[in-house]
Each structure stands twice: as C-alpha cells, then as structure tokens.
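> requesting a structural model of the entry that follows:
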Amino acid sequence: MKFLFTFLAISAFASTTLAHWNYDRLIHNGKIVGDYYTYIRRTSNANSPITDINSKDMRCNAGGALGKSTQTYTVKAGDQIGFMVNAEFGHPGPQQVYISKAPGAVADYDGSGAWAKIYSATTSTINSEGLQWATNGIKSFVFNIPSSTPTGEYLVRAEGLALHGAGTTGGAQWYIGCAQIKVTGGGNGILTPTVSFPGAYRADAPGILINIYWPIPASYTVPGPALWPSGTEELHTIKQM
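As a prediction, this is how the structure comes out:
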C-alpha cells in the first residue's frame, strides 16, 4: 500500500512537471532564428513557474535579471516575431506579451523600468465544459512589434499564466521568458499605459484569483493594463509559426 501511494505521488508530480514549459527560441517573420536560448535569457529554475507576484523574478523569470550571455536580435518596427516553447502550453490560462525599452544596451538591463502590453490571447470560447483557452495544444505563437515602437533595444517578455490551481490565493503560476531585441526603423509612439514588475498585478485580481472549473465562470478578465497601441484587441485565437 505504501508503495502504491508513493507511486501515485511520483506519477502526479511527473504529470504536473511535464505540463510545464519554457520559452526557448525566437521566431522572426515565420522562421526560427538562432538556437535554444540564443536570443532568450536562460532561466535558472528549469521549467518551474513563478508564484510570488511580489518577486523581481516576475520580470524575466529566475536567473533572467541580466542577459550578458544572451545575444540581441535586430528587427524592424512592424515585423512579426514570436516564441517557440519546449513543450506545448500544458496548463489553462492566457498568454500575454510585454515590452520594455532599455536605457542602453538591453543585455545590461534588468527590466526594472516601464512595461507596455502589446499582445493578449485569452479564452477561445466558454461552453458547458468551462473556459476553453486559445493556448490549448499550442507550441508557438507570433505577433507584430507595433510599427510605432520607437527605435532602441527592448526586452520582450512572454508570460503564460496558468490557472489550474488559481482557486486559492497564491495558486496562480507564471511562466515567463524574455527575448532581447533591437528595433530599427521605429516610430514615434509613446508606450502607455505602462506597469512595473513586480507591482503590475494583485493576488486578488479577478483574472488571477479564480476557480476556472466550478462554478463555470461566465467571463474572464485578463490581468494587467490595456493593450498598446490604443485600439489593439484582445485575441481569442493564436497564430502559430
């Protein structure tokens, strides 16, 4: 009996761990560029999530404070970029992207400045079985750097929010990866509204503290600021590479 309990516990842990993911490769205009972590900061916590929203690890994950060993990829404002993950998105929840302009070289930037949200993909539908997510079964996603983005070097922060355990305070999980890019041919846009990490989210926000299973929610409110540029719409499907 003791062996059975031990086996079940190990199996449950393995299943949960296999549902985790990392953002490990950058996409540019429909093609993977570089190798694993060439342009994305490598983390120090394997594929484990962040659960403390007051931690500085909410910026670029554990071990991602600086990117001196990470290369910076050059794109034009308006280009399509994206992220590959090392496994499919294994937990239910939204996928969002933020950008933050570095004051100088992005490799030396710790993400302590202002962040604007440029991408948000949430529920694909809500039916009798509950919330259905655009991320379900997805292994990559792409989006455009706004054409009005000013020239400069940026962190591009991919954030997957896992809500399978979010029915209790502190149960939400964040999977985070930061790419380093240099934007050329930029516009004169002003990134607003912006937030800081930590500080962008509250543990009791309706999109963070939520039982997604029962009773079935009638809607879902994604956490964070409005999308930039103004007029950018929340998505309910994900475009893959």
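
> from now on I want contacts and neighbour counts done on CA atoms only, so please keep to that.
Fine.

> measure the residue lying closest to residue 168 once chain neighbours are set aside to residue 67 for me?
Leaving aside its sequence neighbours, residue 168 sits nearest to residue 209 (C-alpha to C-alpha, 6 or more residues apart in numbering; 6.4 Å). Note on residue 209: its distance to residue 67, by C-alpha to C-alpha, to the nearest Å, is 32 Å.

> comparing these two, which residue is more hemmed in?
Ranked by neighbour count (other C-alpha atoms under 10 Å), residue 209 and residue 67 place residue 67 first, with 24 against 19.

> which residue packs closest to the more buried one, ignoring adjacent ones?
residue 107 (4.4 Å).

> list the residues that contact that neighbour.
Counting by C-alpha atoms under 8 Å, 6 or more residues apart in numbering, residue 107 makes contact with 66-72, 180.

> ok, and the most crowded of these?
Within the contacts of residue 107, neighbour counts (other C-alpha under 10 Å) peak at residue 180, which reaches 27 neighbours.

> let's verify that one: helix, strand, or coil?
strand (DSSP: H, G, I helix; E, B strand; the rest coil).

> I'd say it and residue 71 touch.
Yes: the pair residue 180 / residue 71 is scored as a contact, 7.0 Å apart, by C-alpha atoms under 8 Å.

> shared neighbours of these two, anything?
Counting by C-alpha under 8 Å, 6+ apart, the contacts common to residue 180 and residue 71 are 39-40, 107.

> show me what counts as buried in stretch 144-162.
Within stretch 144-162, the residues that qualify as buried by neighbour count (16 or more other C-alpha atoms under 10 Å) are 145-162.

> then stretch 88-104?
Going by 16+ other C-alpha under 10 Å, stretch 88-104 has these buried residues: 88-102.

> and what of stretch 199-214?
201, 203, 207-212.

> quick one, helices of this protein?
In the chain, helices defined by DSSP state H lie at 2-18, 57-60, listed in chain order.

> what bridges to the residue nearest the centre of the chain?
The centroid of the chain falls nearest to residue 159 when counting by C-alpha atoms, centre = their mean (1.2 Å). Taking DSSP bridges as the rule, residue 159 bridges to residue 96, residue 176.

> now do the closest residue to residue 37 other than its chain neighbours: how many residues are near it, please.
Spatial nearest neighbour of residue 37, excluding adjacent residues (C-alpha to C-alpha, 6+ apart): residue 24 at 5.2 Å. Other residues lying near residue 24 total 22 when counted by other C-alpha under 10 Å.

> hang on, isn't residue 125 packed against residue 217?
No: contact criterion C-alpha under 8 Å: residue 125 and residue 217 do not qualify, at 11.4 Å.

> pull the contacting residues for residue 102.
109, 111, 113, 152-155.

> which residue ranges of this protein form strands?
Using DSSP state E, the strands of the chain run over 23-28, 31-33, 73-76, 80-85, 95-101, 116-121, 123-127, 130-133, 140-144, 152-162, 173-184.

> isn't residue 224 up against residue 200?
Yes: between residue 224 and residue 200 there is a contact at 6.3 Å, judged by C-alpha under 8 Å.

> model confidence for the residue nearest to residue 219 when sequence neighbours are not counted, exactly?
The spatially closest residue to residue 219, leaving aside those adjacent along the chain, is residue 126, at 7.5 Å (C-alpha to C-alpha, 6+ apart). The confidence metric pLDDT takes the value 93 at residue 126.

> so residue 98 versus residue 170, what's the distance?
With C-alpha to C-alpha as the criterion, residue 98 and residue 170 are 22 Å apart.
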